[in-house]
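> When you get a sec, could you give me coordinates for this:
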Amino acid sequence: MKNYQLKHQNLPSINKNIIAALAYFDVFNYPLTQAEIFLFLGEKCDHNLFTDGLAYLLAHNCIYCFDTFYTLRDDPQIAIRRRNGNLKANQMMPVAAKVCKLLIRFPFVRGIAISGSLSKNFADEQSDIDLFIITAPNRLWLARTLMHLFKKLTFLVNKEHFFCMNYFIDEQELEIVEKNIYTATEIVTLIPLEGDIAFEHFYSANAWTMAYLPNNYMRVSTANPLKKSFIKTLAETILDHRVGDALDSLLCKITGARWLKKTQRKKLNAKGLIMGMKASKHYAKPDPGNFQQNLVKRYQNKVQQLLKEHQDSMAQV
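A predicted model of the protein is given here:
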């Protein structure tokens, strides 16, 4: 057996990054393949150094491998869960592609990507199709309102879970303000399906993700070019002046006030979280309490605990 002692100066740093990558996805009970671990490392490194670090952690029972999946837990069920989730995700992706092809036809919609668990290639019986949507500048609320009016109809045929339009931004402010490991991971795992130019600009505006995930390259090439129909072009022409500006601002104000009331009443969504939405002229995004902050804190505490355990065990060697 190869001797995996600390023979490289940077190997301890690689250990930490491998553990941190696995710890983030362990929060979601999701093991990673070797290639995925490399993509989610917090530092750039030589691939040979990475494989040495991975083998070192395996040899010292700091991490485990079941099938092709690496995990912090000595539990093969987590790999079985992922395998089943991947199969379900593969079944849902063709449906998601059809949903995106439909929604890109709405006025002022410039790009649509798959987000949430499906963008990580995982789904189960309760999974929705979560969507990340880019609109034309200063027309987010017109686009969102028209799309959500359409969604009302999907409740009649019990297909509303295919149209979870959770996150909207417009082309005027493409940069995501919150910068942390959670938002970086969500951005790089998006699967753009419609609107190649919109997502090229989006990724350029969010190049800051490289500071968190320097090995991860975002998937612009997966998006189809934007095609405008006659009806879409006509609707946009009619609403492309002061009337459209005023109506968009009014819809922003009305919707923001309505969501604020829902939050104040502590109304719960289907997942049992208090409903909330952050709303401005250029974005509409979910705000279920302090979900982001709590998740990042939970992840950071987990990493600190694991690294301490790892260092303590190595001190005894």
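> would you list every one of the strands in this protein?
Ranges of strands in the chain, per DSSP state E, are 64-66, 69-71, 109-114, 130-135, 164-170, 191-194, 277-280, 283-286.
> Comparing these by mean pLDDT, which bottoms out?
Among the strands of the chain, strand 277-280 carries the lowest mean pLDDT, a mean of 84.
> Buried residues, that strand. List them.
Residues of strand 277-280 classed as buried by neighbour count (16 or more other Cβ atoms under 10 Å): 277, 279. Bear in mind the C-beta positions are built from the backbone N, C-alpha and C, glycine included.
> name the helices or strands packed onto that strand?
Counting contacts by 3 or more Cβ pairs under 8 Å, 6 or more residues apart in numbering; DSSP states H and E, strand 277-280 packs against helix 242-264, strand 283-286.
> what's the closest of those to residue 209?
strand 283-286 (16.8 Å; Cβ to Cβ).
> what lines up beside that closest one in the sheet?
Using DSSP bridges, strand 283-286 pairs in its sheet with strand 164-170 (antiparallel), strand 277-280 (antiparallel).
> would you turn those strands into CSV with distance to residue 186?
Below are those laid out as CSV (distance: least, Cβ to Cβ, whole Å):
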stretch, distance to residue 186
strand 164-170, 9
strand 277-280, 15
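> Could you point out the longest helix of the protein?
Determined from DSSP state H, the single longest helix within the chain is helix 77-103.
> What mean pLDDT does that helix get?
Across helix 77-103, pLDDT averages out at 96.
> Show me what that helix packs onto, helices and strands only.
In terms of contacts (3+ Cβ pairs under 8 Å, 6+ apart), helix 77-103 is packed against strand 69-71, strand 109-114, strand 130-135, strand 191-194.
> right, and the ones you listed - which one's nearest residue 12?
Here strand 69-71 is closest among the helices and strands packed on helix 77-103 (Cβ to Cβ), at 18.4 Å.
> and the residue nearest in space to the middle of the chain, what pLDDT?
Residue closest to the average C-alpha location in the chain (Cα atoms, centre = their mean): residue 186, at 2.6 Å. Turning to residue 186, the model gives it a pLDDT of 95.
> now swap in residue 107 and tell me
Here, the pLDDT recorded for residue 107 equals 96.
> same deal with residue 308?
Looking at residue 308, its pLDDT reads 79.
> roughly how far apart are it and residue 16?
11 Å (Cβ to Cβ, to the nearest Å).
> How about the residue nearest to the centre of the chain, nearest residue that isn't a chain neighbour?
Distances taken as Cβ to Cβ, 6 or more residues apart in numbering place residue 115 nearest to residue 186, at 6.5 Å, with adjacent residues excluded.
> Likewise for residue 114?
According to Cβ to Cβ, 6+ apart, the nearest residue to residue 114 is residue 191 (4.1 Å).
> ok, the one you found - how many residues close by?
Using other Cβ atoms under 10 Å, residue 191 has 20 other residues around it.
> now swap in residue 23 and tell me
Neighbours of residue 23 under the rule other Cβ under 10 Å: 20.
> In contact with it, which residues?
By Cβ atoms under 8 Å, 6 or more residues apart in numbering, residue 23 lies in contact with 72, 299, 302-303, 306.
> Residue 208 and residue 43: what is the separation?
Using Cβ to Cβ, one obtains 16 Å as the distance from residue 208 to residue 43.
> With residue 72 instead?
19 Å.
> who's more crowded, those two?
When residue 72 and residue 43 are compared for neighbours, residue 72 comes out ahead with 18 against 14, by other Cβ under 10 Å.
> who's in contact with the more buried one?
Counting by Cβ under 8 Å, 6+ apart, residue 72 has contacts 19, 22-23, 26, 63-64, 306.
> now with 10 Å?
19, 22-23, 25-26, 31, 57, 62-64, 78, 302, 306 (Cβ atoms under 10 Å, 6 or more residues apart in numbering).
> what do you get for residue 33?
Residues in contact with residue 33 (Cβ under 10 Å, 6+ apart) are 39, 65, 67-70, 82.
> closest to residue 248 among those?
Distance ranking of the contacts of residue 33 against residue 248, using Cβ to Cβ, places residue 39 first at 37.9 Å.
> Give me the pLDDT for the closest one.
On pLDDT, residue 39 comes in at 94.
> I'd like the distance between it and residue 118.
In this view, residue 39 and residue 118 are 18 Å apart by Cβ to Cβ.
> So which of those two has more stuff around it?
residue 118 (24 against 16).
> how many neighbours does residue 184 have?
Residues lying near residue 184 (other Cβ under 10 Å) number 22.
> quick one: contacts for the closest residue to it other than its chain neighbours?
Among residues not flanking residue 184 along the chain, residue 212 sits closest, at 3.8 Å (Cβ to Cβ, 6+ apart). Contact partners of residue 212, counting by Cβ under 10 Å, 6+ apart, are 40, 42, 179-185, 187-188.
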